[in-house]
Each structure stands twice: as C-alpha cells, then as structure tokens.
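Student: what follows is a predicted protein model with its sequence.
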Amino acid sequence: MLKKYFVAITCFCFIIPVGCKPSNPYGAVPVRGNITVDGNAVQGITVTFRSVSGNGISAYGLTDDQGNYVLTTGGAPFGTGTVPGKYHVTMSKVTNNEPPLTLEEYNALATSGKPHGNKPHSVTYQIPEKYSQSETSGFEPVDVKIKGSNIFDFKLVSTP
C-alpha cells in the first residue's frame with residue numbers, strides 16, 4: 001500500500017512543475033488608467049502601448065463603462081500590465097460598416113483560395129482617427145516604471 005502512495009506522490013511531483021506556467025512570464029508590472037472623450041467615459045476604446053524602441057512587447061486594454069482600462073501583455077493573464085519601459089500610446093474605437101458574410105459567401109470565399117483581405121473594409125471611427133496613430137495622437141511617450149503607480153489617464157477631444 002505504501003508503494004501506491006509513493007508512486008502517486010512521485011507522479012504528482014513531476015506533473016505539477018511541468019503543467020504550470022508562470023502567471024507573469026514577461027516580468028510585467030500593473031498598468032491602468034482612465035480615458036474620457038470630451039469629459040465623458042466611453043466604453044470599448046482599445047488602448048495599445050507599443051514599445052518606443054520597436055523591439056519590446058506590446059500591451060493592450062479595453063475601456064469599461066467608466067472609461068477605465070487595465071493593460072494585458074501578450075498571452076499573459078488579464079491585467080498583468082506590461083514590461084517596464086517607454087511606450088507610444090494609441091487608442092481607437094471603430095465600427096465595421098460592412099454587412100457580415102452569409103454562410104454561403106463565407107464558404108465560397110474560404111474554398112476559393114483567395115485571402116479574406118481582398119475586400120476593402122469600411123469603418124467608422126467612434127473617436128477621432130488621429131488617436132489611432134502615435135505620430136498624430138499628440139501624446140508624449142509614457143514611461144512604465146518597475147515601481148510606482150503606473151496610472152495613465154487620457155483626456156481626448158472629439159473636435160480639433
């Protein structure tokens with residue numbers, strides 16, 4: 001009987017370390033903030049932090065109904081933040097104006113061998129398009145620190 005327990009404990013000791021992944025594989029720190037447009041919270045704005053150096057890991061978040069966001073990095077668990085460093089910040093909220101494909105249209109496209117990207121997309125920007133590019137957003141790069149509050153709030157305006 002002792003042999004059964006020994007085998008079970010030995011298997012458990014080997015399975016647990018192999019099956020578990022670190023919850024924060026990138027060394028990310030928590031980052032959060034609030035985004036308003038003309039002083040009002042807007043739900044569904046995608047906020048992206050892209051490394052200034054161009055070789056870092058990007059992080060992203062989505063605003064809730066109060067305009068609050070929490071960043072997540074890569075495949076890490078929700079809310080893990082991002083790796084410390086300098087980041088360009090962009091934001092967007094768009095609506096796709098194209099009607100969805102019917103099942104027949106989708107199957108015909110899928111079997112045609114043509115890439116799905118051939119059809120031009122029509123989108124409507126729910127917040128000004130300028131915020132979707134770091135060159136036009138007007139935002140200075142932010143500095144995410146290892147220690148500190150890493151809270152970044154943004155006040156957007158809908159008119160120039």
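Tutor: Okay, I see it. Residues are numbered from 1 along each chain as shown.

Student: what about the spatially closest residue to V52 that is not a sequence neighbour, which SS state?
Tutor: Closest residue to V52 apart from its sequence neighbours, by C-beta to C-beta, 6 or more residues apart in numbering: K86 at 4.2 Å. To be clear about C-beta, it is placed using only N, CA and C from the backbone, and glycine gets the same treatment. Of the three states, K86 takes strand under DSSP: H, G, I helix; E, B strand; the rest coil.

Student: in terms of pLDDT, where does K86 sit?
Tutor: As predicted, K86 sits at a pLDDT of 95.

Student: okay, now it: neighbour count?
Tutor: The tally of other residues near K86 (other C-beta atoms under 10 Å) stands at 14.

Student: dump the residue contacts of it.
Tutor: Taking C-beta atoms under 8 Å, 6 or more residues apart in numbering, we find K86 in contact with 51-53, 141-144.

Student: just put those in CSV and tack on neighbour count.
Tutor: Formatted as CSV, the contacts of K86 follow (neighbours: other C-beta atoms under 10 Å):
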residue, neighbour count
S51, 18
V52, 15
S53, 9
P141, 15
V142, 18
D143, 13
V144, 23
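
Student: strands - which of these land there?
Tutor: 51, 142-144 (DSSP state E).

Student: chain neighbours aside, what residue packs nearest to the most centrally placed residue in the chain?
Tutor: By C-alpha atoms, centre = their mean, the chain has its centre lying nearest to Y60, at 2.4 Å. Distances taken as C-beta to C-beta, 6+ apart place T48 nearest to Y60, at 4.9 Å, with adjacent residues excluded.
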